[in-house]
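> Here is a sequence together with a model predicted from it:
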Amino acid sequence: MGEKLLMKGNYALAEAAIRAGCEGYFAYPITPQSEVGEYMSVHMPENGRVFLQAESEVAAINMLYGAAGAGFKVMTSSSSPGISLMTEGISYIAGAELPCVIVNVNRGGPGLGTIQPSQGDYFQSTKGGGHGDYRLIVLAPSSVQEIADLTYLAFDLAWKYRNPALILMDGALGQMMEKVEFKPYNEPERDISWATRGKTPDRDTNFITSLWIKPEEMEQVNLRLQAKYKEIEKNEVRYDAYNIEDAELIIVAFGLSARIASKSMNLLREKGYKVGLIKPITLWPYPYKILEKLANNERVKGFFVTELNSGQMVEDVKLGVNGRKPVGFYGRMGGMIYSPEEIVENIIPFCEEIGLKA
Amino acid sequence: MKTQIDPNKYEKVFEKTDGLKNVKTHYCPGCGHGVVHRITMEIVKELDIQHKTIGIAPVGCSVFAYYYMNVDMQQAAHGRACAVATGIKRMLPDHYVFTYQGDGDLAAIGTAETIHACSRGENITIIFINNAIYGMTGGQMAPTTILGQKSSTSPEGRNPQRDGMPINMSEIVALLPGTVYVERVAVNKPGRVRKAKKAILKGFKAQALKKGTSFIEVVSNCNTNWKMTPVEANKWIDDVLLKQYPLGVFKDETGL
Ligand SMILES: Cc1ncc(C[n+]2csc(CCOP(=O)(O)OP(=O)(O)O)c2C)c(N)n1
């Protein structure tokens, strides 16, 4: 403990997974996250764990399904096009209620897009992506330290709820070198009585499936899933709040954007604007309540969303704000990143529009 | 009056294995799936590996295999059984892991997963039920449908110009260095069922050797979608189907 290392985000992610007791890693290379697999290929076997490079993301996610179904702590990582290929498997994993960690180091899209950082997979991550009524627990780190911490958390939440957890980050975070301290990991108790480890005489067979052909049964499974999701929404919302005590304008941003926006916040404060920042850490479940609370506060005059996409999270912010206050937006797409000043330049006209003065 | 049967007067020639659960299957009368389920589970009992066997059910008519086979099982997405099996076997290298897949599952949508599991030499047993048609979805053309064979999407018979040629999986996977044992068997006659059982048994035994993948293709029937009686279907296998899919051992490096 206490040891601070200088590490790339992708390596920190891999190291944190190993420290969190990840027993199997299955993936297919793709920029900008190939370092995760490279690190795992060396350090998983070193620790007596399983590393396997799959023939495709389709295979990787189904290997994950098998290994998770056998009750092992497992992870895969990929970037946007690879995650698209995985979505059928992710839906199966959610339907069969298997715990696992999936990492998306988001790059610019659509299509093959670009390898530069983007947050364009927000909808895909938080609103489904694959078929059917399912949810992923979605965690969005904004620093290398947070990558390490949230990797631990992703495993724990996945196992607590037997649900896939997704870490949504981007190429900039993956490539960025920062100080990181790996906290001691405390393994929570894990129940694997449901897993396929071989039928023993004292029990009936275990089977892993997402198939319930009778609609009455399928509806019951859905109701159970929805009850679980309600429980997650109740217990697991996480966000950071900065300077909201006196804020008249609230910036909402996640991941890399939250880092940049926190600089913009400081620049605006220097200019005399009372600006605060909400950084959702869980993108699902989403921190609607704090937004609702702030929207109900008379002092707060408006919200401003900034993200590296066309404004996908604006929909969630608007759900929280629920029409009580205006919501502005500025974004860049396709792998382009804004500077703190650029955000400021776009926030000031919004402040004027809503009658907010320095 | 109830007839009393004196067990001493009879020789017991058959007993249902408790490797199968006591449930009725949904298979059509005459279908080969039931036979292959039975011999597979007899083997699991005979090898005394029920407690360390994990099966993978495909998408296809045998999707519900986990309701019938008395071992822990996972149901895989269409075509992905070999990837799911890989995930399990890598985590549990001393368990026995087998996939049970139809021809659409294994040789169309799942070709990549099949080839690569065999290429890596995963120590699993692949049981491949080739009935030359998509059974579950109602008799569409499969990659294994033979030239001229009628199906609901090749109503005039499979035409190579439009539909391409049938695929022979055993011949293909035998070429891969990762496979240790590849045999094609059939279950349309009692003698063949016994041979099929021997082949699957060898496939399971090969897993303990950790020398690579064992692949057993079972030429089976789909009398319903072939629109034949079970008897006609079993005869058609002999007269027609086996010409495209000759039986035999394509590779055996087990030393067993
Ligand atoms: C991704 C996907 N595509 C298509 C289907 C529909 N589907 C279900 S079973 C099947 C074919 C099964 O045929 P086969 O593998 O030959 O097995 P059989 O039913 O003949 O035993 C198809 C196309 C599906 N379930 N999932």
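Cool, the structure landed. Residues are numbered from 1 along each chain as shown, chains lettered A, B, ... in the order given.
> what about residue 80, how many residues close to it?
By default, I'm working from chain A. 26 (other Cβ atoms under 10 Å in any protein chain shown). All C-beta atoms are positioned from the backbone trio N, CA, C, and that covers glycine.
> hm, I was asking about chain B
Residues within reach of B:Arg80, counting by other Cβ under 10 Å, total 32.
> Next, it: phi, psi?
Comment: the main-chain dihedrals of B:Arg80 come out as phi -100, psi 10, following degrees, to the nearest 10.
> what does the model give it for pLDDT?
Reading off the per-residue confidence, B:Arg80 sits at a pLDDT of 98.
> ok, it touching A:Leu64?
No: B:Arg80 lies out of contact with A:Leu64 (Cβ atoms under 8 Å); the separation is 10.8 Å.
> Residues that sit against both of the two, list them.
With Cβ atoms under 8 Å, 6 or more residues apart in numbering or on different chains applied, the overlap between the contact sets of B:Arg80 and A:Leu64 consists of A:Gly89.
> Got phi/psi on B:Thr3?
phi -80, psi 130.
> Enumerate every residue touching it.
Under the criterion of Cβ under 8 Å, 6+ apart, the contact list for B:Thr3 is empty.
> hmm, stretch A:97-115 touching chain B?
No: using Cβ under 8 Å from any Cβ of the partner chain, no contact is recorded between stretch A:97-115 and chain B, whose separation bottoms out at 9.5 Å.
> Near chain A, which residues of the stretch 1-150 of chain B are found?
By Cβ under 8 Å from any Cβ, the part of the stretch 1-150 of chain B that sits against chain A consists of B:21, B:50-54, B:56-57, B:63-64, B:66, B:69-77, B:80, B:83-88, B:90-92, B:95, B:112-113, B:116.
> The residue lying closest to A:Asn296 once chain neighbours are set aside and B:Thr144, how far apart?
Leaving out its chain neighbours, the residue that sits closest to A:Asn296 by Cβ to Cβ, 6 or more residues apart in numbering or on different chains is A:Arg324, at 6.6 Å. As defined by Cβ to Cβ, to the nearest Å, A:Arg324 lies at a distance of 62 Å from B:Thr144.
> When these two are compared, which one has more neighbours?
B:Thr144 (27 against 15).
> Skip the chain neighbours and tell me the closest residue to the more buried one.
In space, B:Thr144 comes closest to B:Asp103 once its chain neighbours are excluded; the distance is 4.2 Å by Cβ to Cβ, 6+ apart.
> and the one you found, how many residues sit next to it?
By other Cβ under 10 Å, neighbour count at B:Asp103 equals 27.
> which ones are touching residue 23?
This is for chain A. Taking Cβ under 8 Å, 6+ apart, we find A:Glu23 in contact with A:49-50, A:67, A:72-74, B:91.
> sorry, should have said chain B
Taking Cβ under 8 Å, 6+ apart, we find B:Val23 in contact with B:67-68.
> where along the stretch 151-300 of chain A do the helices fall?
Secondary structure of the stretch 151-300 of chain A by DSSP state H, counting those that start in this stretch: the helices cover A:171-175, A:215-235, A:255-270, A:288-296.
> need the helices for the stretch 1-150 of chain B, in chain order.
For the stretch 1-150 of chain B, the helices defined by DSSP H, counting those that start in this stretch cover B:33-46, B:65-68, B:81-91, B:103-104, B:111-120.
> which of those helices is buried the deepest?
Ranked by mean neighbour count under mean count of other Cβ atoms under 10 Å in any protein chain shown, the helices of the stretch 1-150 of chain B are led by helix B:81-91, which reaches a mean of 30.
> Would you indicate which residues of stretch A:214-226 are buried?
Of the residues in stretch A:214-226, those buried by neighbour count under the rule 16 or more other Cβ atoms under 10 Å in any protein chain shown are A:221-222, A:225.
> that older thread, can you tell me which of the contacts of A:Glu23 are up against the ligand?
Near the ligand, taking Cβ under 6 Å from any ligand atom as the test, no member of the contacts of A:Glu23 is found.
> In TSV, list these along with secondary structure.
Rendered in TSV, the data for the contacts of A:Glu23 read as follows (DSSP: H, G, I helix; E, B strand; the rest coil):
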residue	secondary structure
A:Arg49	coil
A:Val50	strand
A:Ala67	helix
A:Phe72	coil
A:Lys73	coil
A:Val74	strand
B:Met91	helix
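> With respect to the ligand, which of those is nearest?
Compare each of the contacts of A:Glu23 with the ligand using Cβ to the nearest ligand atom and the shortest gap goes to A:Ala67, at 21.2 Å.
> residues in contact with the nearest residue to the closest one once chain neighbours are set aside?
Nearest residue to A:Ala67 in three dimensions, chain neighbours excluded: B:Gly87, at 3.9 Å (Cβ to Cβ, 6+ apart). Contact criterion Cβ under 8 Å, 6+ apart gives A:24, A:26, A:62-70, A:74 as the residues in contact with B:Gly87.
> just A:Cys22 next, same as before
Contacts here follow Cβ under 8 Å, 6+ apart; on that basis A:Cys22 touches A:44, A:49, A:73-75, A:101, A:155.
> likewise A:Lys160?
Here A:Lys160 is in contact with A:Pro188 (criterion: Cβ under 8 Å, 6+ apart).
> now swap in B:Pro246 and tell me
Under the criterion of Cβ under 8 Å, 6+ apart, the neighbours of B:Pro246 are B:Arg184.
> before we move on, back to that, surely the residue nearest to B:Thr144 meets B:Ala132?
Yes: if you go by Cβ under 8 Å, B:Asp103 and B:Ala132 touch, sitting 6.8 Å apart.
> shared neighbours of those two, anything?
B:142, B:144.
> Can you name the residues that contact B:Ile126?
Taking Cβ under 8 Å, 6+ apart, we find B:Ile126 in contact with B:82, B:85, B:98-99, B:101, B:106, B:114, B:117-118, B:203, B:213-216.
> A:Gln145 now?
Contact partners of A:Gln145, counting by Cβ under 8 Å, 6+ apart, are A:178-181.
> looking at these, which has the most residues close by?
Ranked by the number of neighbours (other Cβ under 10 Å), these place A:Val180 first, at 23 neighbours.
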